[in-house]
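Participant: Here's a sequence, model it:
(one chain, ligands or ions: 1)
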Amino acid sequence: MSQSADPIRHVVIVGGGTAGWMTAAALSKVLQGRYDITLVESDEIGTVGVGEATIPAINKFNRILEIDEDEFVRETQGSFKLGIEFVNWGHLGNRYIHGFGILGQELWTTDFHQYWLKMRLAGQSPDLEAYSITQRACRANKFMRADLSRPQSPLSQIVYAFHFDAGLYAKYLSRYSQARGVKRVEGRIERVHLHETAGPREGFVRSVQLADGQEIAGDLFIDCSGFRGLLIEQTLKTGYEDWTHWLPCDRAVAVPCESVKPLTPYTRSTAHRAGWQWRIPLQHRTGNGHVFCSSQISEDEATNVLLSNLDGRALAEPRTLRFVTGKRKKAWNRNVVAVGLASGFLEPLESTSIHLIQTAVARLITLFPDQGFSQPDIDEFNEQFDFEITRIRDFIILHYHLNQRTDSPFWTQCREMAVPESLKKRMALYQQRGRIFRESSELFTEVGWLQVMNGQGLMPQAYNPLVDLYDEAEIQEFLKGIREVIDRCVEVMPDHAEFIRQHCAAPGH
Ligand SMILES: Cc1cc2nc3c(=O)[nH]c(=O)nc-3n(C[C@H](O)[C@H](O)[C@H](O)COP(=O)(O)OP(=O)(O)OC[C@H]3O[C@@H](n4cnc5c(N)ncnc54)[C@H](O)[C@@H]3O)c2cc1C
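Facilitator: From the prediction side, this is the model:
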């Protein structure tokens with residue numbers, strides 16, 4: 001006999017930023033119009049309006065929605081992203097790319113990078129960049145989608161994500177969702193009502209009430225209200241775990257500017273005295289922002305640093321956003337699931353927030369409740385969220401911690417701070433013999449960790465001894481072959497801007 005309670009009838013999404021509309025789009029597609037979905041957003045409050053760089057997993061989201069990729073890029077003034085260039089992170093003058101996809105070849109015994117490491121330690125190999133088609137393509141401003149008809153070629157290994165205009169992305173998904181039955185309500189929520197009668201639903205959210213008096217009742221509420229966490233925090237007082245002691249930046253000032261050529265197929269992150277600056281190239285403009293630590297640099301100074309490091313003319317007034325890095329103690333509490341900024345925040349150094357929205361929605365679909373709201377399911381959701389966000393947190397801390405900069409107290413403090421045990425262990429393992437392990441289903445792969453540890457100057461003392469089963473000449477030949485094939489592949493790839501012009505140019509480009 002099934003123990004099921006009544007099904008959910010009405011899902012209410014609070015918020016129409018990237019989180020709200022991604023949630024609405026995914027649920028409207030997967031729930032096939034069998035559930036009522038209402039999304040409430042307030043034009044008066046608006047959205048954060050940033051969040052324009054993604055990681056390759058978004059391709060899975062697009063496939064689930066069955067959206068046409070060219071149309072999506074065109075309508076969001078998008079461009080393609082093959083990785084992130086980090087400038088001045090390890091030390092002033094340091095430049096490296098965290099490129100998507102594999103390095104060298106996937107070998108099923110000893111990792112590829114162990115062969116590279118042996119030769120590198122002997123001073124006989126160029127840096128890792130030479131073994132990555134995406135990194136080499138970044139340097140050459142080239143882009144094409146993977147050519148799967150040539151499975152042996154590095155051209156089949158091109159892995160990419162997107163840059164897009166956050167406002168246009170929300171609008172695009174809004175049209176998509178409303179075409180699939182999502183009801184959009186515009187208005188400011190002023191009150192949240194809870195179930196008050198004693199019983200299993202006591203203290204659950206019953207309805208939200210708008211400024212005009214309209215009341216919207218629901219069974220399941222998705223809190224996509226941004227940093228304020230209207231339901232999860234302001235109403236349910238769930239609590240927040242603050243990670244500022246590891247990630248001290250607490251503000252960002254953002255400004256778009258005119259584009260310059262060439263159109264780079266990567267995000268750039270440049271470290272400054274007390275923070276870092278992002279640069280996200282779109283078809284119609286470049287997005288920029290300076291993430292900084294307000295106890296080390298004033299807002300005016302941070303704005304000046306940003307404005308004096310733009311490619312072109314600023315197109316708007318700079319806008320400041322404040323945040324507290326950390327996560328909600330429970331992303332799912334009673335009948336409220338927090339998604340997006342309402343669930344927590346990690347600075348956009350590795351463009352992971354939109355991804356966290358995607359995985360939260362996927363997890364919600366997998367653990368979709370009925371009116372019984374099974375507690376083990378809720379606990380599982382929260383554990384998976386915690387696992388995912390803490391591993392990403394460690395990865396971001398790594399960028400700050402592994403530095404040799406001596407030009408400001410901020411970098412000294414980051415280098416000297418005590419880091420989480422989990423991160424300490426990873427760095428120690430790598431430092432010994434270059435060993436890296438991806439923990440279960442964590443987001444970043446061994447190759448991601450490798451690129452950042454190597455890029456920021458952590459050099460292992462030795463390599464896996466099994467590499468010595470091959471003689472040096474053989475290894476050299478193997479590495480040289482890979483470099484040459486990658487170089488030839490990058491030569492035939494089209495220019496990024498030209499690729500966009502041919503396939504997905506926005507009107508006017
Ligand atoms: C500086 C910065 C840079 C970032 N860069 C990146 C990046 O490059 N890549 C990435 O993946 N992520 C990035 N992010 C994160 C990304 O911007 C967010 O994850 C994403 O935009 C989702 O925001 P949201 O929808 O949760 O919140 P918001 O955009 O704040 O939306 C909140 C919504 O709730 C509504 N709302 C709030 N209160 C009420 C109310 N009382 N009544 C009715 N409606 C209400 C608002 O109107 C709005 O529609 C960045 C974030 C910041 C702060």
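
Participant: Let me see the contact set for the closest residue to residue 468 other than its chain neighbours.
Facilitator: Once flanking residues are discounted, residue 468 sits nearest to residue 118: 7.8 Å by CB to CB, 6 or more residues apart in numbering. Heads up, the C-betas are built off the backbone N, CA and C, glycines and all. For residue 118, the contact set (CB atoms under 8 Å, 6 or more residues apart in numbering) comprises 463, 467, 468, 472, 475.

Participant: which two in those residues are spaced the farthest apart?
Facilitator: For the contacts of residue 118, the maximum inter-member distance is 12.2 Å, found between 463 and 472 (CB to CB).

Participant: Who has more neighbours out of these two?
Facilitator: The neighbour comparison of residue 463 against residue 472 (other CB atoms under 10 Å) goes to residue 463, with 24 against 13.

Participant: Contacts only, for the more buried one.
Facilitator: Neighbouring residues of residue 463 by CB under 8 Å, 6+ apart: 114, 117, 118, 121, 433, 434.

Participant: Look up phi and psi at the fourth one.
Facilitator: Summarising the backbone geometry of residue 121 under the convention degrees, to the nearest 10, its torsions are phi -60, psi -30.

Participant: can you tell me how far it sits from residue 457?
Facilitator: Relative to residue 457, residue 121 is positioned 14 Å away (CB to CB, to the nearest Å).

Participant: Flag every residue of the stretch 351-500 of the chain that's near the ligand.
Facilitator: 351, 353, 354, 357 (CB under 6 Å from any ligand atom).

Participant: Quick check: closest non-adjacent residue to the residue nearest the centre of the chain.
Facilitator: In the chain, the C-alpha nearest the mean C-alpha coordinate belongs to residue 352, at 1.7 Å (CA atoms, centre = their mean). Excluding its sequence neighbours, the residue lying closest to residue 352 (CB to CB, 6+ apart) is residue 392, at 5.1 Å.

Participant: Torsion angles phi and psi at residue 379?
Facilitator: phi -60, psi -40.

Participant: Can you report how many residues neighbour it?
Facilitator: With other CB under 10 Å as criterion, residue 379 counts 13.

Participant: Quickly note the distance from it to residue 222.
Facilitator: From residue 379 to residue 222 the distance is 18 Å (CB to CB).

Participant: Also residue 213?
Facilitator: From residue 213 to residue 222 the distance is 23 Å (CB to CB).

Participant: In terms of neighbours, single out the busier of these two.
Facilitator: Higher neighbour count among residue 213 and residue 222: residue 222, with 31 against 9, using other CB under 10 Å.

Participant: got the contact list for that one?
Facilitator: 11, 12, 13, 14, 20, 23, 336, 337, 338, 339, 364.

Participant: Spell out which parts of this structure neighbour the ligand.
Facilitator: 15-20, 40-42, 45-48, 50-54, 166, 188-189, 224-226, 228, 230, 252, 254, 289, 321, 323, 340-342, 348, 351, 353-354, 357.

Participant: Return the subset of the residues you listed lying in helices.
Facilitator: 18, 19, 20, 166, 353, 354, 357 (DSSP state H).

Participant: and those, which two are the farthest apart?
Facilitator: 20 and 353 (13.6 Å).

Participant: if we can go back for a sec, mind putting the contacts of residue 463 into JSON lines with pLDDT and distance to residue 153?
Facilitator: Shown next, in JSON lines, are these (pLDDT from 0 to 100; distance: CB to CB, whole Å):
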{"residue": "114", "pLDDT": "97", "distance to residue 153": "23"}
{"residue": "117", "pLDDT": "97", "distance to residue 153": "25"}
{"residue": "118", "pLDDT": "97", "distance to residue 153": "26"}
{"residue": "121", "pLDDT": "96", "distance to residue 153": "29"}
{"residue": "433", "pLDDT": "97", "distance to residue 153": "31"}
{"residue": "434", "pLDDT": "97", "distance to residue 153": "27"}
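
Participant: Could you export the residues you listed as a markdown table, including secondary structure?
Facilitator: A markdown table is the format used below for the contacts of residue 463 (DSSP: H, G, I helix; E, B strand; the rest coil):
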| residue | secondary structure |
| --- | --- |
| 114 | helix |
| 117 | helix |
| 118 | helix |
| 121 | helix |
| 433 | helix |
| 434 | coil |
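
Participant: Relative to residue 171, which of those is nearest.
Facilitator: For these, the residue nearest residue 171 by CB to CB is residue 434; the value is 46.1 Å.
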